[in-house]
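Student: test case, fold it:
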Amino acid sequence: MRRFVVVALALVLAAPLALAKDPAKKHKGAGLSKPVADKLLSAYELMQNGKADEAMALVDKAAQRRKLRPVELAQIHRFRGYIWLDKGESAKAADEFEQARAQKALDPAADQVMIYSLAQIYTQTSQYPRALELIDAWFAGEADPKPDAYYLKAMILAQQEKFDEALEPAKKAIEMSPTPKESWLQLVVAIYSNEKDFANVAATLQRLVEVAPANKKYWLQLSAVLNFLQRDPEAVATLRLADVANLLSEDPEVRQLARLMFVRELPYQCASAVQHGLDSGELKPDADSYKLLSNCYLAARENDKALAPLAKAAELANDAEPYMLLGQIHLQQERFDPAIDALSKALEKAKPEQRAPIHLLSGVAQLGSDRLDAAEREFRAAESDAKTRAAATSYLKYVEQQRLKKEQDLHAGLSSQPSVD
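Tutor: Numbers count the residues shown, from 1 in each chain. Okay, here's the model as predicted:
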């Protein structure tokens with residue numbers, strides 16, 4: 001800020017001092033008197049040395065002179081404004097600049113500088129209607145606006161939620177600059193986001209990634225938007241590039257990458273990302289992490305590798321679903337005792353609506369272990385729910401058939417034995 005203020009003050013002094021040294025111009029009343037000019041020059045030198053308070057005292061002393069001309073009052077107020085800016089007093093600076101302009105004694109170029117400075121101050125102090133009025137006036141008098149001015153206007157409009165109007169000057173600022181500033185691109189992202197133009201949000205985020213490749217926020221935002229646009233391959237590629245650059249180090253980031261890989265049917269890469277995250281401590285060792293790892297292995301048809309993380313997920317989870325899935329996997333592999341154990345633990349965490357399906361699965365596991373009485377108890381419990389009643393009734397009939405078969409086999413075995421005389 002101080003460098004800006006000192007440069008601005010140098011511009012303030014350049015023309016007035018020339019006028020003060022020219023008697024002819026002084027005689028016409030166009031410039032500063034020598035006493036005023038000398039005090040402003042001394043104040044400027046104090047400002048260069050960081051002595052703002054002493055500089056202000058000299059300017060105030062100049063202001064005490066009698067019969068000051070409008071041009072002198074304008075330059076005094078202008079000088080004070082820049083000193084207040086240097087001291088961080090924006091409101092006081094704005095008041096001085098307004099008074100400088102009110103003298104109607106500034107040349108057009110100087111007045112343009114004042115208008116622009118006021119527009120900046122009112123933007124910083126959230127006085128957007130006045131800022132917009134001033135920046136429009138500045139554009140009306142400016143032959144060659146620079147990109148920064150277009151950005152300022154776009155910012156003022158965006159702060160008033162006039163996003164349709166803000167888009168053109170924001171784009172103009174970027175188009176005019178071979179190396180647009182990061183903040184300018186951020187503004188365009190915000191405008192497109194509010195307009196729900198997500199294709200252009202993605203395009204602008206891609207430019208932000210190029211401008212600031214070390215900022216992982218842009219990579220994450222770009223991946224999320226691409227995912228929303230159902231451009232999943234690009235979303236995954238974006239996060240994988242960020243991962244290769246060692247930008248992903250926090251739990252949500254690693255989790256987002258793994259889930260995208262899972263959705264994109266890259267199960268081995270998904271499992272690798274989750275396992276690495278757990279090993280490195282980047283992923284929390286919670287139920288969701290282990291369940292995601294298990295799902296990746298299941299998608300890869302590596303059912304045996306899925307068992308350990310699924311068991312861990314089931315242990316950590318507050319619901320019965322992981323134990324139910326674990327029981328089903330064991331059941332599919334005809335590992336009936338582990339299935340019974342998992343389903344028994346599922347019952348302990350089950351919601352009321354989950355209990356009947358668990359009883360049905362437990363009955364099937366008991367039946368596979370040839371425990372007909374235990375299977376019957378489970379199927380009776382499942383029969384109480386309308387959703388599982390038909391299946392449970394069918395299994396109960398099968399249990400009875402198995403019992404009859406066993407009895408028949410027993411009688412046949414006894415009748416085939418030789419009699420003892």
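
Student: flag every buried residue along the longest helix anywhere in the chain.
Tutor: Criterion DSSP state H: the longest helix present in the chain is helix 386-415. For helix 386-415, burial by neighbour count (16 or more other C-beta atoms under 10 Å) applies to Thr388, Ala391, Ala392, Tyr395, Leu396, Val399. (Glycine included, C-beta is placed from N, CA and C.)

Student: also stretch 197-215?
Tutor: Buried, per 16+ other C-beta under 10 Å, within stretch 197-215: Asn200, Val201, Ala202, Thr204, Leu205, Gln206, Arg207, Leu208, Val209, Val211.

Student: closest to Lys67 among the residues you listed?
Tutor: Val211 (55.4 Å; C-beta to C-beta).

Student: check the gap between Met261 and Pro233 for me.
Tutor: The gap separating Met261 from Pro233 is 11 Å, by C-beta to C-beta, to the nearest Å.

Student: starting at the chain centroid, how far to the host helix or strand of Ser183?
Tutor: If you go by DSSP states H and E, Ser183 is part of helix 182-194. Mean-position distance between helix 182-194 and its chain equals 13 Å (C-alpha atoms, centre = their mean, to the nearest Å).

Student: what does that helix rub up against?
Tutor: Contact partners of helix 182-194, identified using C-beta atoms under 8 Å, 6 or more residues apart in numbering, comprise 147, 151, 154-155, 158, 161, 163, 166-167, 170-171, 173-174, 177, 198, 200-201, 204-205, 207-208, 211-212, 221.

Student: so after the helix or strand bottoming out on mean pLDDT in the chain, what's the next helix or strand?
Tutor: Lowest by mean pLDDT, DSSP states H and E among the helices and strands of the chain is helix 23-27, with a mean of 33. Toward the C-terminal end, the helix or strand that comes next after helix 23-27 (DSSP H and E) is helix 34-48.

Student: now that following helix: buried residues?
Tutor: Val36, Ala37, Lys39, Leu40, Leu41, Ser42, Ala43, Tyr44, Leu46, Met47.

Student: out of those residues, the closest to Arg78 would be?
Tutor: For these, with Arg78 as the reference and C-beta to C-beta as the criterion, the closest is Leu40, at 9.7 Å.

Student: I'd say that closest one and Lys61 touch.
Tutor: No. Using C-beta atoms under 8 Å, Leu40 makes no contact with Lys61, being 10.5 Å away.

Student: still on that earlier bit, sitting in strands, which of the buried residues of stretch 197-215 do you find?
Tutor: Here DSSP state E is the test, and the buried residues of stretch 197-215 give no hits in strands at all.

Student: how about those residues in CSV, adding distance to Glu378 and pLDDT?
Tutor: As requested, these are exported to CSV (distance: C-beta to C-beta, whole Å; pLDDT from 0 to 100):
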residue, distance to Glu378, pLDDT
Asn200, 58, 96
Val201, 54, 96
Ala202, 53, 96
Thr204, 59, 96
Leu205, 54, 96
Gln206, 57, 95
Arg207, 61, 94
Leu208, 58, 95
Val209, 56, 94
Val211, 63, 92
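
Student: pick out the most distant pair among these.
Tutor: Asn200 and Val211 (16.3 Å).

Student: not counting sequence-adjacent ones, nearest residue to Gln332?
Tutor: Asn303 (7.8 Å; C-beta to C-beta, 6 or more residues apart in numbering).

Student: how close does that neighbour get to Ile329?
Tutor: For Asn303 relative to Ile329 (C-beta to C-beta), the value is 6 Å.
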